[in-house]
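*Asks:* predicted coordinates and the sequence they were generated for:
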Amino acid sequence: MRTISAILASTLIASSAVFAEQDLLSADSILERVVEPASPKNIQILLEQGITEALLEVKGSYFLFNPHDGSKISSGVLGKRFMVHATEAGIKWGEEFPGFFQIYLQPRTAETSIFINGIQYAGSVAIYAIGGRINVVNDIDIESYVKGLLSLQITHPLESEVMAALAILARTNAYYAVSRHQDAFWQVSASDVGYQGSALVAPNSAIEKAVDATRHLILVHPMEGKNLPFATLWTEHSAGKTAPYHTMFRSDGWAPPRGVDAPHAALDRKDSKWSFTVSKKALADLLDIAQVKGIELFTDSTSNKVYALRAKDGIETHDFPFLELQRRLGRNRLQSSDFTLTLKEDSAVFTGFGKGIGVGLCLYSASAMAQNGDNAVKILSKFFPETYLLNLNAMPGKRR
C-alpha cells in the first residue's frame, strides 16, 4: 500500500492580503507562483482496529496485492463476499492466504465497489493481521474523502461560496493529517472524524460541485521557512470572536496563532444566547466525580472561549477539555465554548452565546459575507489571516 512520505511542496499563488480580491472559482483569475511542483495525495483512514473479523465484499473485478512489496496475490472478475479474519498462518478471506498477514484489495475498474460490514467505500482497502486480530484501512484519494466527509457534516443548504470555502478547509485538514503522519499506516480514524464511506455522496449535489470547483486547492501557513497545511475547523456561530487552534486544543496544528473578530456574528450575539441549569448532583454524575465543590474555567485571553474546566470535589481536582465536557453534558445543552458558569447552593447555571467550538471559520458570518457578495477566497482570508492558497496540481511556470 502506498504511504504518504513527503511534506507538501509549496506553490504560493497569493497572500491572504491579495487573494481576497481574486475569484476562487474562475481558474483564469488566479496567478500561480510555482515554487516546487506537487501532486495530489491519498489518505489512509482506519475503519476498524483490533477486531476478530469483518464482512468484506467486493462487487465487480478486483486485484489483491501484498502491500509490503506490491506483488499480486490474486484477482477476481465476478466479485467476492466472505468474512475476513486472521489465522496463525495468515489472512483468510474465503480462501486462505498462508504467509500473508497484509492484503490490499484494489478495484480493477471504476464500476467495482467495496463494502466493509455493509458500508460502501471508494478507493482501496487494506487488511492487516496483528496478534490474531485485524485492522481495516481505507486508502482513498483526498478529493473523494472530502466529498464523503462533507456529505455527513453539512446537513442543510449553504451559499455556494461558503460551500467552496468549506471544501478547501476540509481538504486542507486532510493534507495536514497526511503531512503530520506521513509514515504511518493510517492518518485518521473514521470514528474520530465522522467518516462513513462514500455511499452518501449524491451526484451533482452542492457538496460535489464545491469540491470539484476547488479541486486540489488548499490553504498553507508559513512556518519556519515552510508553507504547511494546517488543522482547520469551522463553528456554527462564533458570537463575535474566534479562538486560535492552539489555545483550544493545546497543540499548534501548524495553524495561525490568533483568532479573529467576526462582526456579523457580534451583531447577532444577544440573539444567540442560551442557558441551562443542572443540579450539582447531576453535574457530578455527568463528570463522574464524587461531588462538585468548586469550578474553575480556563479561557482564551482574547476571545474568552473556554478551553477547559476544572472541577473540585473537595479532595482532588479533575480537568475536562471543552470537547470532553461538551460530550458529557450534551451538545444540545452546552452549545458553545463561549460560556460562563455560576454555582448556586444546589445547582450550576451555564450561560453562553453562539454555537460550536469557536475555532476557525464562523459559518454565520461566512453566510452573511456571501450574501453581501463576498466570494470564498475573501471569506477564507478573513478567518485565516497570514495563510496562502496553494494549487497542488500546478505545473511549473504555468498560469491559470
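*Replies:* Thanks, I have it.
*Asks:* alpha carbons only for contacts and neighbour counts from here, please
*Replies:* OK.
*Asks:* now the helix or strand containing Ala174: mean pLDDT?
*Replies:* According to DSSP states H and E, Ala174 maps onto helix 160-180. For helix 160-180, the mean pLDDT works out to 96.
*Asks:* ok, now stretch 272-282?
*Replies:* 97.
*Asks:* mind listing residues that contact that stretch?
*Replies:* Stretch 272-282 is contacted from outside by 237, 239, 291-292, 333, 335, 346-355, using C-alpha atoms under 8 Å, 6 or more residues apart in numbering.
*Asks:* now list the buried members of those.
*Replies:* Those of those that meet the buried threshold are 237, 239, 291-292, 335, 347-348, 350-355, by 16 or more other C-alpha atoms under 10 Å.
*Asks:* isn't Val306 up against Phe320?
*Replies:* No. Using C-alpha atoms under 8 Å, Val306 is not in contact with Phe320, being 10.6 Å away.
*Asks:* would you mind giving the buried ones among the contacts of stretch 272-282 as a markdown table with pLDDT and secondary structure added?
*Replies:* Shown next, in a markdown table, are the buried ones among the contacts of stretch 272-282 (pLDDT from 0 to 100; DSSP: H, G, I helix; E, B strand; the rest coil):
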| residue | pLDDT | secondary structure |
| --- | --- | --- |
| His237 | 98 | strand |
| Ala239 | 98 | coil |
| Gln291 | 95 | coil |
| Val292 | 96 | coil |
| Gln335 | 98 | coil |
| Ser347 | 96 | strand |
| Ala348 | 97 | strand |
| Phe350 | 98 | strand |
| Thr351 | 98 | strand |
| Gly352 | 98 | strand |
| Phe353 | 98 | strand |
| Gly354 | 98 | coil |
| Lys355 | 98 | strand |
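*Asks:* redo the residues you listed as CSV? Include distance to Ile168.
*Replies:* Formatted as CSV, the buried ones among the contacts of stretch 272-282 follow (distance: C-alpha to C-alpha, whole Å):
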residue, distance to Ile168
His237, 19
Ala239, 23
Gln291, 45
Val292, 43
Gln335, 26
Ser347, 44
Ala348, 40
Phe350, 35
Thr351, 33
Gly352, 30
Phe353, 27
Gly354, 24
Lys355, 22
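*Asks:* now Pro222. Nearest residue, chain neighbours left out?
*Replies:* Nearest residue to Pro222, sequence neighbours excluded (C-alpha to C-alpha, 6 or more residues apart in numbering): Leu228, at 6.3 Å.
*Asks:* show the pLDDT at the one you found.
*Replies:* Predicted confidence (pLDDT) for Leu228: 92.
*Asks:* run a quick neighbour tally on Ser238.
*Replies:* Ser238: 37 surrounding residues under other C-alpha atoms under 10 Å.
*Asks:* how much space between it and Lys344?
*Replies:* Separation of Ser238 from Lys344 (C-alpha to C-alpha, to the nearest Å): 28 Å.
*Asks:* same question for Phe63.
*Replies:* From Phe63 over to Lys344 (counting by C-alpha to C-alpha), the distance is 65 Å.
*Asks:* out of the two, which sits in the more crowded spot?
*Replies:* Counted by other C-alpha under 10 Å, Phe63 and Lys344 do not tie: Phe63 has more neighbours, with 17 against 10.
*Asks:* for the closest residue to that one other than its chain neighbours, pull up the helix or strand it's in.
*Replies:* Distances taken as C-alpha to C-alpha, 6+ apart put Ser75 closest to Phe63, at 4.3 Å, once the chain neighbours are dropped. In the assignment (DSSP H and E), Ser75 maps to strand 72-76.
*Asks:* that strand - contacts with which helices or strands?
*Replies:* If contacts are counted by 3 or more C-alpha pairs under 8 Å, 6 or more residues apart in numbering; DSSP states H and E, strand 72-76 sits against strand 62-65.
*Asks:* just the helices in the stretch 301-400 of the chain please.
*Replies:* Taking DSSP state H, counting those that start in this stretch as the test, the helices found in the stretch 301-400 of the chain are 322-329, 363-371, 376-383.
*Asks:* from the buried ones among the contacts of stretch 272-282, which is closest to Asn393?
*Replies:* Each of the buried ones among the contacts of stretch 272-282 was scored against Asn393 by C-alpha to C-alpha, and His237 proved nearest at 33.3 Å.
*Asks:* could you measure from the closest one over to His181?
*Replies:* 31 Å.
*Asks:* what does Lys59 give?
*Replies:* Per C-alpha to C-alpha, Lys59 is found 31 Å from His181.
*Asks:* again with Gly360
*Replies:* In this view, Gly360 and His181 are 22 Å apart by C-alpha to C-alpha.
*Asks:* which of those two has more residues huddled nearby?
*Replies:* Shown here are Gly360 and His181; by other C-alpha under 10 Å, Gly360 has more neighbours (26 against 18).
*Asks:* and that one, what does it touch?
*Replies:* 232-235, 242-245, 259, 383-384.
*Asks:* confidence score at it?
*Replies:* On the pLDDT scale, Gly360 gets 97.
*Asks:* go on, His68?
*Replies:* pLDDT, His68: 86.
*Asks:* do I have it right that it meets Phe100?
*Replies:* No. Using C-alpha under 8 Å, His68 is not in contact with Phe100, being 9.6 Å away.
*Asks:* ok, these two, which is more surrounded?
*Replies:* Using other C-alpha under 10 Å, the more surrounded residue of His68 and Phe100 is Phe100, with 19 against 13.
*Asks:* count of neighbours near the residue nearest to Pro222?
*Replies:* Count around Leu228 with other C-alpha under 10 Å applied: 28.
*Asks:* partners of it in the sheet?
*Replies:* His221 (DSSP bridges).
*Asks:* I figured it hits His221, correct?
*Replies:* Yes. Under the criterion of C-alpha under 8 Å, Leu228 makes contact with His221 at 5.2 Å.
*Asks:* overlap in contacts of the two?
*Replies:* Contacts common to Leu228 and His221, judged by C-alpha under 8 Å, 6+ apart, are Trp254.
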